[in-house]
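1. the following comprises the amino acid sequence and a computationally predicted model.
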Amino acid sequence: MHVPNIVIIPTIRTVCHYPELRWAKGPMQGIQRVVSVLKLLSDSSEGLGVTEVADKLDLPKSTAFRILQALGESHLVYQDESTKKYGLGMGILALGTRLLNRLDIRPVAEPYLHQLKDLLGETVFLSLWEKGLVICVHKVETEKNLRYFVEVGRPMPLHCTAAAKAILAYLSESELARVIEDIKFERYNARTCTTREAFIKELLLTRERGYSVCDREMEHLVKAIGAPVFGSDGNVLGSITVLGPVDRFTDDFMERAGEAVKACARRISEHMGPGYDRLHGGNP
């Protein structure tokens with residue numbers, strides 16, 4: 001029996017744009033430096049040496065070394081014995097796992113994600129909204145021979161992903177204005193939205209139909225559809241997204257998938273508490 005090769009579309013690695021560093025004075029300075037080192041290492045897939053950390057954060061090399069050593073003792077970073085470079089350690093994973101375990105939405109959402117994946121035959125994932133970031137926290141992958149890997153734990157661009165647009169479309173007017181003010185509208189290809197006006201129009205369309213669409217705006221081979229998930233207070237909490245290759249995401253499939261994703265997100269929202277029905281009347 002011939003087994004088809006699995007073709008993997010490379011993960012798009014999104015780098016968070018953190019505010020320009022302005023070191024505080026006194027005890028807060030030390031805390032800022034530790035946090036900055038952790039953020040820096042989180043954006044490096046290959047790891048960084050002491051000198052690189054010091055240079056990138058404008059720190060004395062001795063200070064960078066002391067911070068890395070202290071973080072290593074807590075298993076928050078590790079040092080590769082062969083390259084001598086540092087990366088995030090298992091302690092970070094342990095902390096993150098404890099956080100995820102506290103999020104009631106994951107056990108609620110998981111069976112619905114599997115049902116949606118079985119219905120549509122494509123990769124499905126759950127994202128949450130956290131202080132200006134949209135982060136994938138769980139995914140269920142397709143068994144088909146073309147896959148697109150979303151990276152759990154990595155923030156997504158806000159202006160060109162279905163997961164983010166499904167969330168931003170349901171923010172309050174004041175919060176959305178603050179969020180859009182900080183979006184850099186980075187261009188990934190010719191289809192990427194790069195203006196606030198076009199982006200706001202896309203968010204209005206998302207609210208009108210109840211689901212968002214990413215049509216090759218970030219990766220030219222990929223389409224995606226997302227729908228908002230609401231918490232017990234009726235505010236948007238995250239989103240459910242299905243994504244896959246353009247050749248399988250035909251117009252007919254996109255229409256069917258949009259309704260399926262919207263229904264999946266609605267059922268999860270209803271399980272999260274009464275706020276959804278009270279504020280949205282059963283319809284996002």
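-> Sure thing, it's come through.

2. where do the helices sit along the protein?
-> Using DSSP state H, the helices of the chain run over 27-42, 50-57, 61-73, 90-102, 105-120, 162-168, 173-182, 196-209, 251-272, 275-280.

3. to residue 83, which of those helices lies closest?
-> helix 50-57 (11.3 Å; C-beta to C-beta). C-beta coordinates here come from the backbone N, C-alpha and C atoms, glycine included.

4. and that closest one, what does it pack against?
-> On a contact count with 3 or more C-beta pairs under 8 Å, 6 or more residues apart in numbering; DSSP states H and E, helix 50-57 meets helix 27-42, helix 61-73.

5. by how many degrees do that helix and helix 61-73 diverge?
-> Between helix 50-57 and helix 61-73, the angle comes out at 110 degrees (axes from the mean of the first three to the mean of the last three C-alpha atoms, to 10 degrees).

6. which residues touch helix 50-57?
-> Outside helix 50-57, the residues within contact range by C-beta atoms under 8 Å, 6 or more residues apart in numbering are 21, 33, 36-37, 40-41, 48, 59-61, 63-65, 68, 85-86.

7. list the buried residues in that helix.
-> Buried residues in helix 50-57, counted by 16 or more other C-beta atoms under 10 Å: 50, 53, 54, 56, 57.

8. in TSV: these, plus pLDDT and distance to residue 129.
-> Shown next, in TSV, are the buried residues of helix 50-57 (pLDDT from 0 to 100; distance: C-beta to C-beta, whole Å):
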residue	pLDDT	distance to residue 129
50	94	36
53	94	30
54	94	34
56	92	29
57	93	28
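
9. between these, which is nearest residue 226?
-> Closest to residue 226, out of all of these and judged by C-beta to C-beta, is residue 56, at 33.7 Å.

10. relative to residue 214, how far out is that closest one?
-> As judged by C-beta to C-beta, to the nearest Å, residue 56 and residue 214 stand 31 Å apart.

11. then residue 74?
-> From residue 74 across to residue 214, the span is 39 Å (C-beta to C-beta).

12. more crowded one of those two?
-> Neighbours per residue (other C-beta atoms under 10 Å) separate residue 74 from residue 214, with residue 214 holding more: 26 against 10.

13. that one bridge partners, please.
-> Per DSSP bridges, the residues bridged to residue 214 are residue 224.

14. contacts only, for it.
-> Counted by C-beta under 8 Å, 6+ apart, residue 214 has contacts 160, 161, 162, 165, 222, 223, 224, 225, 226, 243.

15. starting at the chain centroid, how far to stretch 243-253?
-> 21 Å (C-alpha atoms, centre = their mean, to the nearest Å).

16. list the buried ones in it?
-> 243, 244, 245, 249, 253.

17. report the separation between the closest residue to the second one other than its chain neighbours and residue 140.
-> Spelled out, that is residue 244. In this structure, residue 244 finds its nearest non-sequential neighbour in residue 122, 4.0 Å apart by C-beta to C-beta, 6 or more residues apart in numbering. According to C-beta to C-beta, residue 122 and residue 140 sit 10 Å apart.

18. if anything else comes up later, I'll come back, but that's it for now.
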